[in-house]
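>>> what's the 3D shape of this:
(chains A and B)
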Amino acid sequence: MEPEFIQKAFENTLKELGFENFVNKIRFEQPRNEQFGDIATNIALLIGKEKKENPRKIAEDITSKLSFDPNLIDKISVDGPGFINIKLSNLFFTQELERMFNLGENYGKSSKGSNRKVNVEYVSANPTGLLHLGHGRNACIGDSIANLYQWLGYDVTREYYFNNAGRQMQILARSIYARYRQLLGEEEFPFPEDGYFGDYIKDIAKEIAEKFGDQYKVETAENLEFFKKYGENWCFEKIRSTLEKLNIRHDLFFNEDTLYSTGKINEVIDILKQKGLVYQKDGALWLAFTKLGLTEDRVIVKSSGEPTYRLPDIAYHRDKFERGFDLIVDILGSDHIATVPDVIAGLGALGYDTSKVKVVFHQFVTLTENGEQVKMSKRSGRSYTLDELISEVGPDVVRFFFLMRNVSSHLEFDLGLAREQSEKNPVYYLQYAYARICSIFDTAKERGIEFNFEANTTCLEHPQELNLIKVQRRFPEVIEIAAEKFEPQILADYLYDLATAFHTFYHNCRIIGSEEPILSARFKLAKVTQTILKNGLTILGVSAPTRM
RNA sequence: GCGCCACUAGCUCAGUUGGAUAGAGCAUCAGCCUUCUAAGCUGAGGGUCACAGGUUCGAGUCCUGUGUGGCGCGCCA
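Residues are numbered from 1 along each chain as shown, chains lettered A, B, ... in the order given. Okay, here's the model as predicted:
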């Protein structure tokens, strides 16, 4: 974020003073307190510590030798224990505005990820039911992380992994079948003990009964297969339609079954055997995780011949490696924390660079209203599904609320606040800033006001104008940090700051009605804000309405 | 018992790799619309950063221990 000429000047000065070892330790930050200027560095403190010299003295030596274009710098000072503080000039900031304005829609884009492939896997719910709130948070986090990387120029694959063959699907089939028999009049027909008790199972059974009557009444393997397939399709259709409402579309639905049909499961077993990492015990096949630094060995093929989840998970991630991804991101709920070390260890044993795998764990979601936890939907009387939440508060609110907290924090979703279509709701604060800007441009057009793109911006000097530029300048860095840390919340927070800076500017500085060159300079300020808001909201998956 | 996550204002949460006087929103109180959207702006009050030690020029941030809450610890996924 700091301009290059400052970085260069410090590098040169440090070399000149014989501190070349510290050149790569130079860090700049924006001081919290404005009185310390725009850019600060603690490099003199670091040097002082290591050399056991007075840091203030070192800071003064450095500042006396620094050379900059004096038009870009207002003041350099040494403060406190030895911070070097730099105040940039208005000229510098207005030139920055020009630069951002000229980049247009591309401001904040980067070529950082060019020729780099990243895979983001998220949602990945098996087709045995409807998406719930946890899936919603998972989906929004994953999609926004994918958007962030795409924005940085990475080649992004959005992936959904599912299993439609295992035991869970048998339970689904039997659950629907039982409800179906009950619907056909056998109210006492036994429901499987480990079955899915959700009401959607009854919906599916009802649909089947209405379409096919008692055609599938006999309990045969063939008929159960029918119930399984029907249930799977039904669930997937619901899942896709829910995700579609949030504007989430995956590039690839990866079926676990392909790992079996293509022999990839057996390949993994063979490799692990060759490496002497598996053994038979109690009729099952065990993987010697203790040889890989973990505390316990685990079963990878049950005595029944079926693999446990670990084996396909390892094979699946191996497949991702083989597809050539430079970065493999998994979005998982915190209930999966215990399973990941096994998979990572397995991949390490297979010889893959596991530093390329990043698992993002998000904590749980609780729904509250008026300070009390909400468990059931008032409308349906069932526990809340993601779909119900979307229809209640709208997709923009859902996406923003799921992203406005740290991934690793528990998320309290305040239904009352979310439902509120007022200033209390933070989503509208951002969208309102955008709509306001659009409205200014509309009004200007109506009144026949033309902006002069060539106009000079150096006339800007109001504190709110300069503050807005300062906030705008942070955008590219914010995107990079949010991507690096896999924290869309950082972007959400930033956009909130930007909206605040704009609303304050708007209140203090008029655009329409100002004389040139102020008119066009302020137009550029608004235009850059509009672009950042639009792009930022798009990355978060929130719409940017031109009117509110 | 073990592992991971959290603990910051009445409530919900920010707090970049350790930095200077710990910040927002909501709630409470007080102001601002004949002028580009008041879904906005301005101001006030509100804190032992869970607790106790440690590391150092400097700790909300790093280390150790304790407490409270959440999630896991299967031949379930």
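>>> Could you report the neighbour count for residue A:241?
Residue A:241 has 10 neighbouring residues, counting by other Cβ atoms under 10 Å. Backbone N, C-alpha and C define where each C-beta goes, glycine included.
>>> Three-state assignment for it, please.
Of the three states, residue A:241 takes helix under DSSP: H, G, I helix; E, B strand; the rest coil.
>>> so what's it up against?
If you count contacts by Cβ atoms under 8 Å, 6 or more residues apart in numbering, residue A:241 has them with residue A:387.
>>> again with residue A:159
By Cβ under 8 Å, 6+ apart, the neighbours of residue A:159 are A:119-122, A:250-254.
>>> pLDDT at the nearest residue to residue A:407 once chain neighbours are set aside, what is it?
Ranked by Cβ to Cβ, 6 or more residues apart in numbering and with sequence neighbours excluded, the top spatial neighbour of residue A:407 is residue A:362, at 4.7 Å. Residue A:362 is assigned 91 on the pLDDT scale.
>>> ok, residues contacting the lowest-mean-pLDDT helix or strand in chain A?
Within chain A, no helix or strand scores below strand A:372-373, which has a mean of 82 by mean pLDDT, DSSP states H and E. Identification of contacts with strand A:372-373 by Cβ under 8 Å, 6+ apart yields A:366-367.
>>> following that strand, which helix or strand comes up?
With elements assigned by DSSP states H and E, the helix or strand that comes after strand A:372-373 is helix A:386-393.
>>> Just give me how far stretch A:534-547 sits from the chain centre.
Relative to the chain's own centre, stretch A:534-547 is displaced by 15 Å; criterion: Cα atoms, centre = their mean, to the nearest Å.
>>> Could you pull up the mean pLDDT of that stretch?
Across stretch A:534-547, pLDDT averages out at 96.
>>> And the host helix or strand of residue A:519, what does it pack against?
Element membership for residue A:519, per DSSP H and E: helix A:518-540. Counting contacts by 3 or more Cβ pairs under 8 Å, 6 or more residues apart in numbering; DSSP states H and E, helix A:518-540 is packed against helix A:90-103, helix A:133-151, helix A:395-403, helix A:426-446, helix A:463-473, helix A:475-485, helix A:488-508.
>>> about what we covered before: can you give me every residue that contacts the residue nearest to residue A:407?
With contacts defined as Cβ under 8 Å, 6+ apart, residue A:362 is in contact with A:137-138, A:141, A:331-334, A:407-408, A:411.
>>> In helices, which of these appear?
Within those, residues falling in helices by DSSP state H are A:137-138, A:141.
>>> quick one on the thing from earlier: right, quick check: the least confident helix or strand of chain A against RNA strand B, any contact?
No. Applying Cβ under 7 Å from any atom of the strand, one finds strand A:372-373 separated from RNA strand B by no less than 10.5 Å.
>>> Nearest to residue A:316 among the ones in helices among the contacts of residue A:362?
residue A:138 (17.2 Å; Cβ to Cβ).
>>> so what's the closest one scoring on pLDDT?
Per the predicted model, pLDDT is 95 at residue A:138.
>>> circling back: who does the residue nearest to residue A:407 form a beta bridge with?
residue A:333 (DSSP bridges).
>>> Low-confidence stretches in chain A?
Chain A contains residues with pLDDT under 70 at A:1, A:379, A:381.
>>> give me the residue from it nearest RNA strand B.
Across chain A, the shortest distance to RNA strand B (Cβ to the nearest atom of the strand) belongs to residue A:423, at 2.3 Å.
>>> That residue: how many residues sit nearby?
9.
>>> Same question for the one 10 residues further on.
Residue A:433: 23 surrounding residues under other Cβ under 10 Å.
>>> how much space between it and residue A:249?
Using Cβ to Cβ, to the nearest Å, residue A:433 is found at 28 Å from residue A:249.
>>> what's the answer for residue A:146, then?
Taken as Cβ to Cβ, the span from residue A:146 to residue A:249 is 10 Å.
>>> The two: which is more packed in?
residue A:146 (27 against 11).
>>> what's the overlap in contacts for residue A:146 and residue A:249?
residue A:158.
>>> which residues touch the residue positioned nearest the centre of chain A?
Taking Cα atoms, centre = their mean, the centroid of chain A lies closest to residue A:145, which sits 3.3 Å from it. Shown in contact with residue A:145 (Cβ under 8 Å, 6+ apart): A:120, A:122, A:329, A:331, A:360, A:483, A:486, A:488.
>>> Show me what the helix or strand harbouring the first one packs onto, helices and strands only.
Element membership of residue A:120, judged by DSSP H and E, is strand A:117-121. In this structure, strand A:117-121 packs against helix A:133-151, strand A:155-162, strand A:327-333, with contacts taken as 3+ Cβ pairs under 8 Å, 6+ apart.
>>> distance between it and the chain's centre?
In terms of Cα atoms, centre = their mean, the centre of strand A:117-121 is found 12 Å from the chain centre.
>>> hey, C-alpha coordinates of that strand in CSV?
Output of strand A:117-121 as CSV, limited to C-alpha atoms (Å, rounded to 0.1, in the frame of the first residue of the first chain):
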residue,chain,number,x,y,z
LYS,A,117,-4.8,-23.0,-10.7
VAL,A,118,-6.8,-23.1,-7.6
ASN,A,119,-9.6,-25.5,-6.6
VAL,A,120,-12.1,-24.5,-4.0
GLU,A,121,-14.4,-27.2,-2.7
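>>> Report whether that strand contacts RNA strand B.
No. Between strand A:117-121 and RNA strand B, judged by Cβ under 7 Å from any atom of the strand, nothing touches; the nearest distance is 13.2 Å.
>>> What are the contacting residues of that strand?
Against strand A:117-121 from outside (Cβ under 8 Å, 6+ apart): A:142, A:145-146, A:149, A:154-161, A:320, A:323-331.
>>> For the residue of chain A closest to RNA strand B, which non-adjacent residue is spatially closest?
residue A:429 (7.1 Å).
>>> now swap in residue A:196 and tell me
residue A:175 is the one closest to residue A:196 (Cβ to Cβ, 6+ apart), at 4.5 Å.
>>> residue contacts, the one you found?
With Cβ under 8 Å, 6+ apart, residue A:175 has these contacts: A:191-192, A:195-196, A:201, A:231.
>>> Go through the residues you listed and give me the one with the most neighbours.
Neighbour-wise, the contacts of residue A:175 (other Cβ under 10 Å) top out at residue A:231, 27 neighbours.
>>> Quick check: that residue touching residue A:202?
No. Taking contacts as Cβ atoms under 8 Å, residue A:231 lies outside contact range of residue A:202: 12.0 Å.
>>> For the stretch 101-250 of chain A, what lies in contact range of RNA strand B?
A:126, A:163, A:166-168.
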